[in-house]
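1. what would the 3D arrangement of this be:
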Amino acid sequence: MRPLHFSAFPVLLFLISLSIASLSSAAGQQELPLHSKNDAKVCVATVANASTTSVFEERLTGRLTKNLQKNKTNAVMMESATTTKSKLLPTLENGEESRDKECDYILLAQIRDPRAHPFEPQIPTVSIGGRVPSVDASDPLGGSSGPVYRDNLQIAFALFRRGRVEPDLDTLIQERPSANVSDTFLGAMDRVANRVSHELNKK
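-> Next comes the predicted model:
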């Protein structure tokens, strides 16, 4: 074997350094933690009301966010609102705010009246109770005048990974408005939070 000429050493050292750098880079990439669903940060858009029933959207959004947090989900409220269109998709404002807040997911929720879109294909529904008469004496539609039947409304909700147009979760539940406007759909927000947390905690 012929001895290496002195002038070849700089080239040899460069190749060795390049190999070490490549190995270090590969090792560093393997050490990066995987961002699993249950570690993800969820941006909750303001609940939209596409029905004629009076609700407090900000209160419902706060209830939904707090229940996600109780379920150990990293959730934050957004100022931008859920669309009022029948097809739930993140708006441009949702996308920009979720980037600013460094969220992995965007959660949309909308209250709607199924009678307003009778010919649209229905999303699989989770039924919560039935069409129950109101017998609350404080209810202006019930009490002494006899039971009044309130039609169920729907709470549609969808969970999107930021930057994607296909939802990880897209469903709805049925809920009957309560006599007290301030309490209307608070229980439904609890069920939405539980369903979303369940989806994020899937292995």
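
2. counting neighbours, what do you get for Glu166?
-> 8 (other CB atoms under 10 Å). Using the backbone N, CA and C atoms, a C-beta is placed for each residue, glycine as well.

3. not counting sequence-adjacent ones, nearest residue to Ser54?
-> Spatially, and ignoring its direct neighbours in sequence, Ser54 is nearest to Val181 (5.0 Å; CB to CB, 6 or more residues apart in numbering).

4. pull the contacting residues for the one you found.
-> 54-56 (CB atoms under 8 Å, 6 or more residues apart in numbering).

5. pick out whichever of those residues sits closest to Glu199.
-> When the contacts of Val181 are compared for distance to Glu199 (CB to CB), Val55 wins out at 24.2 Å.

6. list the contacts of that closest one.
-> Val55 sits in contact with 47, 49, 111, 181, 184-185, where contact means CB under 8 Å, 6+ apart.

7. again, only using 6 Å
-> Going by CB atoms under 6 Å, 6 or more residues apart in numbering, Val55 touches 49, 184-185.

8. out of these, who's nearest Lys41?
-> Proximity of those to Lys41, judged by CB to CB, is greatest for Phe185, which lies at 24.7 Å.

9. let me know the pLDDT of that closest one.
-> Per-residue confidence (pLDDT) for Phe185: 94.

10. one step back: can you list the contacts of Val55 in a markdown table and add distance to Ser80, neighbour count and secondary structure?
-> Shown next, in a markdown table, are these (distance: CB to CB, whole Å; neighbours: other CB atoms under 10 Å; DSSP: H, G, I helix; E, B strand; the rest coil):
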| residue | distance to Ser80 | neighbour count | secondary structure |
| --- | --- | --- | --- |
| Asn49 | 15 | 20 | strand |
| Thr184 | 23 | 21 | coil |
| Phe185 | 20 | 29 | coil |
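
11. format those as JSON lines; extra columns: distance to Thr82.
-> Listed next are the contacts of Val55 as JSON lines, based on distance: CB to CB, whole Å:
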{"residue": "Asn49", "distance to Thr82": "9"}
{"residue": "Thr184", "distance to Thr82": "17"}
{"residue": "Phe185", "distance to Thr82": "14"}
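
12. partners of the helix or strand where Ala156 lies in the sheet?
-> Element membership for Ala156, per DSSP states H and E: strand 153-161. Here strand 153-161 is paired, per DSSP bridges, with strand 105-112 (antiparallel), strand 169-175 (antiparallel).

13. so which bits of the shortest one are buried?
-> Right, strand 169-175. For strand 169-175, the neighbour count (16 or more other CB atoms under 10 Å) marks 170-175 as buried.

14. also stretch 80-91?
-> 80-83, 88, 90-91.

15. do stretch 177-195 as well
-> Across stretch 177-195, burial judged by 16+ other CB under 10 Å covers 177-179, 184-186, 188-193, 195.

16. next one: stretch 94-108
-> Neighbour counts using 16+ other CB under 10 Å place 94-95, 97-98, 103-108 of stretch 94-108 among the buried residues.
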